[in-house]
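My questions concern the predicted model and sequence given below.
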Amino acid sequence: MYPRFVRSLVAESLSDSRIVFIAGARQVGKTTLASKVIADEHPMTFYTLDDKVTRDAALADPTGFVAGLVGPAFIDEIQRAPDLLLALKQVVDKDPVPGRFLITGSANVLASRKIRDALPGRIDRVRMWPLARTEIEGGNLNVAEELLAGRAPQVTDAPLGHAAFSSIVCEGGYPEARRRPAGRSRTRWFSNYIDTTLERDLFELAEARRVEDIGQLLRLLATQSANLANYSTIAQRLNMDPKTVKAYIGLLEQMFLVQRLPAWRPGLGAREATTPKVYICDSGLLAYLLGADEKRVESDDRITGKICETFVAAEIMKHISWAQDEVRLYHYQRDREDVDLILENRRGEIAAIEVKAHATVRQNDLHWLRKLRDTRGTQFKAGIVIYSGAQTTPLGDQLWAVPYAGLWA
């Protein structure tokens with residue numbers, strides 16, 4: 001079993017909030033994590049809505065079901081009976097003691113306006129991702145915090161070249177997929193995972209009948225991972241309406257299969273009108289969708305850069321999820337300027353990341369990082385180029401080249 005760094009956040013939230021919601025994709029370990037929390041830090045009675053009898057009771061009479069719960073309760077797979085959240089609200093409004101309910105869900109039921117509007121101030125949402133590489137490798141550095149403190153992860157003797165990341169990105173972070181050997185067994189797992197997730201979660205979210213259309217969209221989005229989300233172009237290729245494409249991407253985001261990353265701009269208001277980037281949330285899932293094995297990741301330039309940036313973006317999102325301070329992640333494209341990832345904290349301080357597959361850093365790789373540093377002044381804390389070299393190397397004031405292994409230092 002790997003340590004999950006959001007565990008302390010869940011325990012902390014239970015001491016502060018009436019309802020704590022662990023949200024994440026299927027098979028990332030939500031139930032396992034919650035079971036450990038209720039066994040050690042915060043005892044609770046366990047109920048799962050995957051059990052038909054329990055689910056039928058919750059669907060038939062949500063208010064009566066919640067009234068019959070004994071003591072603090074952990075309710076697993078809440079998206080299977082989302083009206084329970086309104087019943088939970090009624091209970092915690094009468095008795096606002098913290099730690100009443102811990103819930104998990106593989107679809108973001110809080111995206112529903114009816115649910116979202118009912119629960120402000122009553123619920124803490126903890127995002128749980130697939131395993132971070134630092135959890136797998138036993139690292140202890142939060143890269144997001146390190147960069148915003150003006151430091152870079154220090155690494156020596158890292159593997160050189162594409163072999164430094166090819167097996168790692170194809171493995172991804174889903175615990176069960178990682179346990180399977182590369183090849184047919186892991187491919188079969190991802191195939192079944194996508195089919196099951198779309199069939200179950202889409203119906204529970206929106207009673208969507210066109211599962212095949214959304215599956216086709218997911219596969220097309222894999223070819224666009226780390227690119228700007230051009231809804232019109234995607235719609236043309238799939239013979240859909242752009243509004244439908246945007247809505248379907250929203251559903252995939254609610255299932256934590258896809259993540260849209262907003263654009264960063266120096267002016268706060270300008271960010272809202274810019275085009276987001278779209279990413280598949282796990283590099284192993286992306287490799288499956290692209291039909292890419294380790295050899296193809298190492299040799300096919302159409303695959304390598306896309307899957308490397310997707311992997312790094314996902315790892316940084318994981319580090320952000322358990323950081324001490326609130327950090328937001330953006331991409332930056334403006335005119336000719338282009339920086340893969342921008343991290344920004346609540347004080348407006350920023351750090352920037354460029355992702356490269358090669359083992360050397362060229363002057364051109366630093367151009368926009370230097371410009372961002374020079375124009376943002378004290379707001380700029382650090383800029384790094386993630387590369388497949390052997391060690392962390394200073395590249396000038398506040399700039400470094402950092403091996404991929406710096407993500408799990």
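Done, it's in. Numbers count the residues shown, from 1 in each chain.

Worst mean pLDDT across the helices and strands of the protein, which element?
helix 113-118 (a mean of 64; mean pLDDT, DSSP states H and E).

So, low pLDDT: which residues of the stretch 251-400 of the chain?
267-273 (pLDDT under 70).

Go again with 80.
267-274 (pLDDT under 80).

My read is that residue 344 contacts residue 332, right?
No: with contact defined as C-beta atoms under 8 Å, residue 344 does not reach residue 332; the gap is 10.4 Å. Yep, even glycine has a C-beta here, placed from its N, CA and C like the rest.

overlap in contacts of the two?
residue 264 (C-beta atoms under 8 Å, 6 or more residues apart in numbering).

gap between the nearest residue to residue 254 once chain neighbours are set aside and residue 158?
Among residues not flanking residue 254 along the chain, residue 108 sits closest, at 4.3 Å (C-beta to C-beta, 6 or more residues apart in numbering). Using C-beta to C-beta, to the nearest Å, residue 108 is found at 36 Å from residue 158.

Then residue 295?
21 Å.

If you count surrounding residues, which of these two has more?
Legend: neighbour count by other C-beta atoms under 10 Å for residue 295 and residue 158, higher for residue 158 (19 against 11).

any idea how far the spatially closest residue to that one that is not a sequence neighbour lies from residue 409?
In space, and not counting its chain neighbours, residue 158 is closest to residue 403: 3.7 Å by C-beta to C-beta, 6+ apart. Note on residue 403: its distance to residue 409, by C-beta to C-beta, is 9 Å.

Could you do residue 8 as well?
Distance from residue 8 to residue 409, by C-beta to C-beta: 20 Å.

Compare those two (neighbour count), which wins?
residue 409 (19 against 13).

Need the pLDDT of the more buried one.
pLDDT recorded at residue 409 is 92.

do the same with residue 51
pLDDT, residue 51: 95.

quick one: contacts for residue 360?
By C-beta under 8 Å, 6+ apart, residue 360 lies in contact with 387, 389.

And the closest residue to residue 80 other than its chain neighbours, how far from residue 261?
Nearest non-adjacent residue to residue 80, counting by C-beta to C-beta, 6+ apart: residue 49, 4.1 Å away. As for residue 49, its distance to residue 261 is 31 Å (criterion: C-beta to C-beta).

next one: residue 149
On the measure of C-beta to C-beta, residue 149 and residue 261 end up 23 Å apart.

just residue 408 next, same as before
Taking C-beta to C-beta, one finds residue 408 at 21 Å from residue 261.

And residue 167, by the same measure?
26 Å.

who's more crowded, those two?
Remark: of residue 167 and residue 261, residue 261 carries more neighbours, 21 against 13, as counted by other C-beta under 10 Å.

need the contact list for that one.
Residue 261 neighbours (C-beta under 8 Å, 6+ apart): 276-279, 313, 329-331, 341.

Chain neighbours aside, what residue packs nearest to it?
residue 277 (4.5 Å).

go on, residue 77?
Per C-beta to C-beta, 6+ apart, closest to residue 77 is residue 49, 4.4 Å.

Which neighbouring elements make contact with the longest helix seen in the chain?
Of all segments of type helix in the chain, defined using DSSP state H, the longest is helix 184-206. Contact here means 3 or more C-beta pairs under 8 Å, 6 or more residues apart in numbering; DSSP states H and E; on that basis helix 184-206 packs against helix 175-179, helix 211-223, helix 242-254, helix 283-290.

Determine which of those approaches residue 37 most closely.
Ranking the helices and strands packed on helix 184-206 by proximity to residue 37 (C-beta to C-beta) places helix 175-179 first, at 17.2 Å.

Thanks a lot, see you next time.
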